[in-house]
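**Student:** The sequence and its predicted three-dimensional model are supplied below.
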Protein chains: 2
Amino acid sequence: MVNRTKEVLTKCDNSLYGHYPHFVSMKKILQELQEYVKEDEYGDDYGEGDYIANFEKQIADLLGKESAVFMPSGTMAQQIALRIWCEKKQNFKVVFHPTAHLEIAEHKGYSFLHNIQRVQFSVPELLSHRLLTFKDFQNINESFAVALLELPQRLIGGQLPSWTELSQISRWCKEKEVVLHLDGARIWECKHFYQRSYKEICNFFESVYVSFYKGLGGLTGAALAGDKTFIAEARIWQRRYGGNLRTQFPYVISAKIGLEKHLEKMDLYVSKTIEIVELLSEFEQIQIVPNPPHINMFQMFIKGEPEKIAKAHLQMAENYKTWLFYPPGKSLLPNYSQTEMMIGENALKVDLEIVHKMLNEIFAII
Amino acid sequence: MVNRTKEVLTKCDNSLYGHYPHFVSMKKILQELQEYVKEDEYGDDYGEGDYIANFEKQIADLLGKESAVFMPSGTMAQQIALRIWCEKKQNFKVVFHPTAHLEIAEHKGYSFLHNIQRVQFSVPELLSHRLLTFKDFQNINESFAVALLELPQRLIGGQLPSWTELSQISRWCKEKEVVLHLDGARIWECKHFYQRSYKEICNFFESVYVSFYKGLGGLTGAALAGDKTFIAEARIWQRRYGGNLRTQFPYVISAKIGLEKHLEKMDLYVSKTIEIVELLSEFEQIQIVPNPPHINMFQMFIKGEPEKIAKAHLQMAENYKTWLFYPPGKSLLPNYSQTEMMIGENALKVDLEIVHKMLNEIFAII
C-alpha cells in the first residue's frame, strides 16, 4: 500500500493537500537551494556566521523578541526552553495539553532527559478532544513553573482559543509567576484567525518556538526566541544536546526560502481552506473539525472503512491525476475514518469541481 | 584578525592543511551534492527511506557491527550510547580521558542531561598530556558501567595506544563486565597505524561512534553502530533528543561523498603526514607531538609569540598563495605557540620546497 501510494502520488499533477509536488527528489531540492544562494555566501561554522545570524535576527524581529537561535528541531528547542525556565523557577513541574508534541511524539524526552514532570489538568484529564481553557488553568491546585500552549492545537484540527481566552490565560500566568511558552509549530498560520501581527501574538509568551518546515515547506529546522539571556543559555543547551552542528546551512537556506514563499500567502491558504471546507461540508459522508476551520488545516472524518476509502481514493487520484488526502486511519467513531488535511500552495490551483466529482465517485464505490 | 585570516585563506591556491579549498561557498557545496545524486533518489523522511537505510547498512558492515544509525552529531550519538549502557548496567558511572570531547566540548551534557558521572582515573588525575594505559584501568578502585576510548586521542596530537595495550584494556573491560565504547571521531585515520581493518579495530568495542566530517570532509553528521537492540534503543533516544530530524539527506549525501573521496586515501594522507613532519623537524624552532605522527594529524609547537607567528604566516601565505597552518595559540611552554595540523587532500599537491622556504622566511621575520 505504501509503494502504491507513492506511485500514485508521483503521478499526480495536482493536489488538494500541502505544498509542492509531494515527493520531491533530493536533486530538485538541492537545485533550488543552490540557485537561491549567491556565489560569495558562506554557511555557518558551528552556528556562527553572518548568514545564520542575519536569519536569526530576522526571526527575532518578526516575533518581537530580543533574540533567536536556529536549531535542528522543535523537539530540542522546546525541551531546552522548559529546562531553562524550570531551573530558573526551581520547579520542575510544567503543564501542557495531553496531545502536545512533547507528550505524544518525543518518547517523553522532557521526562527522560530532564526529570521534568507534567502536571495533570483535571481529574480525570479528558482534554484530548478540546482546547485548554482559562478555567482549566484556574482549577490547577499545584504549583508549576511553565505552561506550554500550542497555537494552533494540531491534533484537534488546528483549533485556536479566542483572543480573550488567550489574554486571560496569559494574565493568569503572569499573576501566578508561571512562564508561558509558545509551541508555535504552526504559528505562521494563525494571523488570519486573530487578525493580529506575529509580534502581538508572541507578546503573550516569554519564549517562542517556531518551525520552518510544516507550513513553510522547509527541509527541517526550528527557532527558539526570547530575551537575550534566555537565548544565550539556550545555545549552551543546544551544545549539550549535540544540536550545535558543524553547519546547518542547508536548513537555514530552506527556511529562508520557505518564509519568502509562504508567509505572505498564509491568509490566502486559510481563505482557500474555508472555501474547501464549505465544499466538503456538502457531503453528508464528511465531517470537518473544526468547522469552519481556524487555520489552513482540519481533521476530516469520512464515513466508511479506512482501507476502502484509501483504495477508492487512489483509484480516483490516478484517474484524475489529482491527490485529495493521505490514507485515513480509524477514528473514534466506528463508522468514520479520519485524516488530517493541510491546505497550501497546491490547493490554489486545483479545480474544486474536479474535487467534487472525485468525491462523488469515491462515495459511489465504497 | 579573523577577517584578515579569511581574506588570505580565500586567496590561497594551496594549503598544507586539510581538505578542499578552506572556505567553500554554500553554492559550491550544494552544487556538488546536487551533482552526486540521481533524479529518482529521494531523501529520508524522519530517518526512514532507502537512501539513508542503505548508507547505515554500509557503515554497519564497514565497522563489522549488526546495525548503525545516522545522527546529526557525535555529541548526541555518544551521550546516547553512554545512557543506554548505564541503564543496562544500572550504574551511571563511566570513565574517559579528561580531554575527551564529552568532558571539554559539550558543556557536560552527559552530566546535565543524564546525571552520568565520570570516574577519575588517578589521584591527582594528570592525564591530559598522555594516553590512557592498561595500568590506569587496573588502578581504578570503583565500579563503573562504561569506558569510552577515543582513537586517536585528538588533543595530544592524535596519539594511538599500541595494539597490545588496546587488547589488554579490552580484555580487562570484558573481565570486569564494563562496556567498551569507541569515540571514533577520527577512526578512519587509524588503519595505517594498526595495519588492521576497521572491523578488527571495532571488534574491541561494543558500540562505536564515527564522524562524517573532520577527516571525511562532509558537512556534518555521525553514525552510532552496535548490535540491533542497542541501535533500536538509540533511535528512541535520538527522538528524545530531537535528533530524528524531518530529513537529514544533505548530510547523508555529503557523508557518502566523503567516504568515497577520502577513505581509500587515508593511508596516503598518513604517509604524507610523516613526510611533512620530517621536513618540519628540520627546524629547531618546531616541535611535533607525536613524532613520528600516528595518523594524519599532529600538534605543532612553534617557538615564538602566537600573534607574531600568525602575522608572519599570513604575510607569507599571501605572498606564496599557500596556507600552512591556522593561527596558533599559547602553549604550556612559555616560548612556544601551538597549533593543530590535519593533513589531507590539499597537502598532496603542495610543493614541500615552498613550505620549507616559507617557514625559513617566517622564522626570519619573527
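**Tutor:** Alright, I've got the coordinates.

**Student:** Please enumerate the helices of the stretch 1-150 of chain A.
**Tutor:** A:2-11, A:26-36, A:50-63, A:74-89, A:101-104, A:109-114, A:134-138 (DSSP state H, counting those that start in this stretch).

**Student:** For B:L166, which of those is the nearest?
**Tutor:** helix A:109-114 (32.6 Å; Cβ to Cβ). Bear in mind the C-beta positions are built from the backbone N, C-alpha and C, glycine included.

**Student:** Which one of the helices of the stretch 1-150 of chain A lies nearest to B:L245?
**Tutor:** helix A:74-89 (9.3 Å).

**Student:** And that closest one, what's buried?
**Tutor:** A:74-86, A:89 (16 or more other Cβ atoms under 10 Å in any protein chain shown).

**Student:** before we move on, what about stretch A:236-251?
**Tutor:** A:237-251.

**Student:** cool, and stretch A:250-265?
**Tutor:** Buried residues in stretch A:250-265 (16+ other Cβ under 10 Å): A:P250, A:Y251, A:V252, A:I253, A:S254, A:A255, A:K256, A:I257, A:G258, A:L259, A:K261, A:H262.

**Student:** now stretch A:6-23
**Tutor:** A:V8, A:L9, A:C12, A:N14, A:S15, A:L16, A:Y17, A:G18, A:H19, A:P21, A:H22.

**Student:** how about those in JSON lines, adding distance to A:R130 and pLDDT?
**Tutor:** Below are these laid out as JSON lines (distance: Cβ to Cβ, whole Å; pLDDT from 0 to 100):
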{"residue": "A:V8", "distance to A:R130": "35", "pLDDT": "93"}
{"residue": "A:L9", "distance to A:R130": "33", "pLDDT": "89"}
{"residue": "A:C12", "distance to A:R130": "35", "pLDDT": "93"}
{"residue": "A:N14", "distance to A:R130": "34", "pLDDT": "94"}
{"residue": "A:S15", "distance to A:R130": "30", "pLDDT": "95"}
{"residue": "A:L16", "distance to A:R130": "27", "pLDDT": "97"}
{"residue": "A:Y17", "distance to A:R130": "25", "pLDDT": "96"}
{"residue": "A:G18", "distance to A:R130": "26", "pLDDT": "94"}
{"residue": "A:H19", "distance to A:R130": "29", "pLDDT": "92"}
{"residue": "A:P21", "distance to A:R130": "36", "pLDDT": "68"}
{"residue": "A:H22", "distance to A:R130": "31", "pLDDT": "66"}
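
**Student:** Quick check, A:K303 in contact with A:S331.
**Tutor:** No. Counting by Cβ atoms under 8 Å, A:S331 is not a contact partner of A:K303; they are 10.1 Å apart.

**Student:** where are the low-confidence patches of the stretch 101-250 of chain A?
**Tutor:** Within the stretch 101-250 of chain A, not a single segment meets pLDDT under 70.

**Student:** Would you mind naming what in it lies close to chain B?
**Tutor:** A:105-109, A:112-114, A:213, A:219-220, A:236-237, A:239-250 (Cβ under 8 Å from any Cβ of the partner chain).

**Student:** quick revisit: which residues are common contacts for A:K303 and A:S331?
**Tutor:** A:S337 (Cβ atoms under 8 Å, 6 or more residues apart in numbering or on different chains).

**Student:** do you know how far A:L352 is from A:K265?
**Tutor:** 18 Å (Cβ to Cβ, to the nearest Å).

**Student:** can you redo the helices of the stretch 1-150 of chain A as JSON lines with distance to B:G49?
**Tutor:** Shown next, in JSON lines, are the helices of the stretch 1-150 of chain A (distance: least, Cβ to Cβ, whole Å):
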{"stretch": "helix A:2-11", "distance to B:G49": "11"}
{"stretch": "helix A:26-36", "distance to B:G49": "10"}
{"stretch": "helix A:50-63", "distance to B:G49": "27"}
{"stretch": "helix A:74-89", "distance to B:G49": "20"}
{"stretch": "helix A:101-104", "distance to B:G49": "22"}
{"stretch": "helix A:109-114", "distance to B:G49": "23"}
{"stretch": "helix A:134-138", "distance to B:G49": "40"}
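
**Student:** what's the closest of these to B:Y198?
**Tutor:** So among the helices of the stretch 1-150 of chain A, helix A:26-36 is nearest, using Cβ to Cβ, at 27.3 Å.

**Student:** if I pick A:E264, what's in contact with it?
**Tutor:** A:E264 touches nothing, counting by Cβ under 8 Å, 6+ apart.
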